[in-house]
Every structure is written in structure tokens, then in C-alpha cells.
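[1] Sequence first, predicted model second:
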Amino acid sequence: IRLYVEQGLGVGQSIPLDRDQAHYLFGVMRQPVGAYIALFNGRDGEYLARIVEAGKRGGVLECETQSRLLQMPPDLWLCFAPIKKARTDFIVEKAAEMGAMRICPIQTEFTNSERIRRDRLQAHAVEAAEQCGGTYVPEVADLQRLDRLLDAWPTDRNIMFCDENLAGAGEVLGKATGDKWAILIGPEGGFSEAERKRLHAFPFTHAVSLGPRILRADTAAVAALTLWQTHLGD
Ligand code: SAM
């Protein structure tokens, strides 16, 4: 069993559990006093902790040994225009599993969604890290407008601009270099001509095709993450 906690972790550290965590560990998973649980907080690696107190409304774990060091993912952002709730949840979950460092929901000219529940999406990122054995949890940023994001874009961060208009004729990512990247995926309606023009004008943009078919944004996000990890991941 792996559990995400907010507190700092270290050998000898006591970790008090809240009601929900106690319900999960002792009620759902039926873990007794003395059992060992793997804990991570996204910052300190992973620790094996022993259950020292178990109750209905709480409990206490004690960290005994560090089982894994923190493994930072590559410096990769996934920027995407939120679509329907379930599909947006899927994108966040897959980005966390596939090793994005930061997840940035963006509003483009044709984005339908005006707001997101950042806390809900962050909780999905935590669950995905819990499930896939990651020691790092990507941060989900607030929804930001693409034009504002591009106004302040750091010139040392490459953009993998995924555009179905390239119809199989995009740049070959294998020739690209650099260790700071952002994947950019558009909304259901795609990018506007003005957005395309602006993105193509940046020297750090790499316009990439994901094949000759038009993929749904959630499929495109997974395909783009796979392509990036294959060519530039560790
Ligand atoms: N504008 C399109 C249309 O309505 O015909 C659809 C956009 S697609 C559903 C959503 C996003 O997925 C695009 O903005 C792009 O970022 C990405 N995408 C989908 N298929 C792609 C492909 N073959 N190559 C590169 N990116 C793709």
C-alpha cells in the first residue's frame, strides 16, 4: 500500500493520519497496528512507515527507513486546453503517470471551458502518482490564457507544438535538443490562425505532427507525451 501525505518525511518522523486516511487504511484496507505502509509526499522520496496507532478517526505512522529517493521527472510541461470533465481528468492522470513535471491548463481562442477545478485536478495527479509508484507529484497550474502565457514565455523552454494541420509533415523530434520543454495541445476546435502564426514565429517552437489522422485532444496528449519521452525523455 502506498499513501500520499502532506507532511515532511524522515527517519523517526511520526505521521498523524486524518479521518479519511484512517478510514482508508484501517477500514477499507484492514491494516493492523505493526503493518508497514509506503509513504511519499512528492518532495522527500518514499519511506516505509509502521502503523503505531489505529483508530476510527485517526492514527499514527512512524517512518522507519527510506525506501526510495525522490526521482524528479524531466523538465516537461504539458499545456492543454481543457475539454469535457472526464477527458480533462484523463489528461491530468496520464500526464502524471507519464512523467510531466507541470500540468498547465490553457485557454486558447477556441477553448470552451472558462474555468477548471484546480484542486480536483491536483487530487487526480496525486492519485496517479500513488498508483504508478512515482515519488514526484506534478503541480497543476491555474487556468491561464495562452496569449498571456506566450507573452512571458521563457526563451530557453522549447515548445512541442502539436498541430493536426501539418498532416504527417511535422518536424522530426529526434533532431531536437534542450532540457526544458512544453508540449502544447489545442482544444476540440484546434488552434486559430493567429495562434498558429504566433507559435511558428518563435525560434523555440518545434511544430510536430502526430500522424495523418485528427486525434481527440486526450489521445493527442498521450501520443505527444509518448513521442517526447521516446526522443527526449530519460
Ligand atoms: N481543429 C481540429 C478540427 O476540428 O478538425 C481538431 C483539433 S484536435 C481534436 C485537438 C488537438 O489535438 C489539436 O489542436 C492538436 O494540438 C492535437 N492533435 C490532434 N491530432 C493531431 C495530429 N495528427 N498531429 C498533431 N496534433 C494533433
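    Done, it's in.
[2] so does the helix or strand Ile159 falls within get close to the ligand?
    Ile159 is part of strand 158-162, with elements assigned from DSSP states H and E. Yes - residues of strand 158-162 contacting the ligand under CB under 6 Å from any ligand atom: Cys162. Backbone N, C-alpha and C define where each C-beta goes, glycine included.
[3] so where is this structure shaky, pLDDT-wise?
    167-170 (pLDDT under 70).
[4] now the helices for it?
    19-22, 85-97, 118-132, 146-151, 193-201, 217-232 (DSSP state H).
[5] check whether the fifth one contacts the ligand.
    No - contact between helix 193-201 and the ligand is absent, the nearest approach being 9.6 Å (criterion: CB under 6 Å from any ligand atom).
[6] Which neighbouring elements make contact with the strand holding Ile159?
    strand 180-185, helix 193-201, strand 205-208, helix 217-232 (3 or more CB pairs under 8 Å, 6 or more residues apart in numbering; DSSP states H and E).
[7] closest one to Glu171 among the ones you listed?
    strand 205-208 (5.0 Å; CB to CB).
[8] partners of the closest one in the sheet?
    strand 158-162 (parallel) (DSSP bridges).
[9] Near the ligand, which residues of the chain are found?
    162-164, 185-186, 188-191, 209-211, 213-217, 220.
[10] Can you pull the domain assignment for the chain?
    2-68, 75-232 (automatic domain parsing).
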